[in-house]
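> My questions are about this predicted structure, shown below with the sequence.
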Amino acid sequence: MLRLLYKSLTTKHPTCIRSTVTNRRYHFKTGDSAELTKTFSADDVLTFSSLCGDTNPLHLDEEYAKTTRFGRCIVHGVLINGLISAVLGTKLPGPGAIFVSQDIKFPAPLYVNESVTAAVEILDIRKSVVVCSTTCTATGTSKVVMSGKVYLMVPKDENKPTADESS
């Protein structure tokens, strides 16, 4: 019964065909991508600051921020990185994916109330480790505010048919 359902779904939705990598079955493949866009308000930044304890006035005090090279309040880099985590854990690869390591660069600031798009692309799949490129871009200016690479552990799709069951 599961085999017929699987064949039916993959026939109707060929983009859902699972890649086989060293006998592991996944619902994603190299080259797949996903993104998420959000605008961080001053309240978002204040809430994050309260949760993590980072009360740097550059993030919270507009008068202080005016005296810095940025000229206004900027969003915490780690908060921006949280969007990458959201994409990875909910969209691609999705539930069950966990960070193993990450390399991040912040080439430009993201200002409070500026929209940002977090994008992820799968570069490589090695057994149960997935390597992704990550980029966060301010949507109004197209400036890259964060870029890097992340290594994830992903669970095997246990309830999916194996190669023998799908033929």
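Good, I have the coordinates. Residues are numbered from 1 along each chain as shown.

> Pull out the buried positions in the strand or helix carrying L51.
Using DSSP states H and E, L51 maps to helix 42-52. Buried positions in helix 42-52, judged by neighbour count with 16 or more other CB atoms under 10 Å: 44-45, 48-49. For glycine as for every other residue, the C-beta is placed from the backbone atoms N, C-alpha and C.

> likewise stretch 101-121?
104, 106, 109-112, 114, 116-121.

> Of those residues, which is the nearest to D61?
V112 (11.3 Å; CB to CB).

> and the longest strand seen in the chain, what other elements does it pack with?
In the chain, assigned by DSSP state E, the strand with the most residues is strand 115-126. Judged by 3 or more CB pairs under 8 Å, 6 or more residues apart in numbering; DSSP states H and E, the packing partners of strand 115-126 are strand 19-21, strand 33-39, helix 77-90, strand 129-138, strand 144-153.

> swap the cut-off to 10 Å and go again
If contacts are counted by 3 or more CB pairs under 10 Å, 6 or more residues apart in numbering; DSSP states H and E, strand 115-126 sits against strand 19-21, strand 24-26, strand 33-39, helix 77-90, strand 129-138, strand 144-153.

> Quickly run through the sheet partners of the last one, with directions.
In the sheet containing strand 144-153, the strands it pairs with under DSSP bridges are strand 98-105 (antiparallel), strand 129-138 (antiparallel).

> Quick one: those as CSV, columns for distance to L60 too.
Shown next, in CSV, are those (distance: least, CB to CB, whole Å):
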stretch, distance to L60
strand 98-105, 22
strand 129-138, 20
